[in-house]
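# Fold the following and give me the result.
(one chain, ligands or ions: 2)
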Amino acid sequence: MQCWVCDHPAQAICHFCGRAVCKDHAAKMPTFLCMYLGNNNTPKGLVVADVIWCGICQPQPEPIGMPEMF
Ligand SMILES: [Zn+2]
Ligand SMILES: [Zn+2]
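Numbering: from 1, shown residues only. Ligands and ions are numbered 1, 2, ... in the order given. Now for the predicted structure:
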């Protein structure tokens, strides 16, 4: 597997889109694993601080509505 950007050997896979990237081109981004209601109905989210991101795709921070599917 080779880096999507520079064709050098890839060392990571983008968490969001599955592209392979080398160390130079892998970026990191915090991501939400899930949301839940904590005590006092305070919304809380489980966050992973640095998942691998290819820097090319554009993961949305929140699920987007798809009204056209209904
Ligand atoms: Zn690269
Ligand atoms: Zn990606």
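
# Who does the helix or strand of the chain with the lowest mean pLDDT pair with, and is each partner parallel or antiparallel?
Lowest on mean pLDDT, DSSP states H and E among the helices and strands of the chain sits strand 27-37, with a mean of 79. Strand 27-37 sits in its sheet next to strand 43-53 (antiparallel), going by DSSP bridges.

# what's the helix or strand for the spatially most central residue of the chain?
Among the residues of the chain, the one closest to the centroid is Phe16, at 4.1 Å (Cα atoms, centre = their mean). For Phe16, there is no enclosing helix or strand under DSSP states H and E.

# With adjacent residues omitted, what lies nearest to it?
Pro59 (4.1 Å; Cβ to Cβ, 6 or more residues apart in numbering). Glycine gets a C-beta too; all of them are placed from N, C-alpha and C.

# wait, the one you found sits on Trp53?
Yes. Between Pro59 and Trp53 there is a contact at 7.3 Å, judged by Cβ atoms under 8 Å.

# ok, back up a step: could you pull out the buried residues of the least confident helix or strand of the chain?
Met29, Thr31 (16 or more other Cβ atoms under 10 Å).
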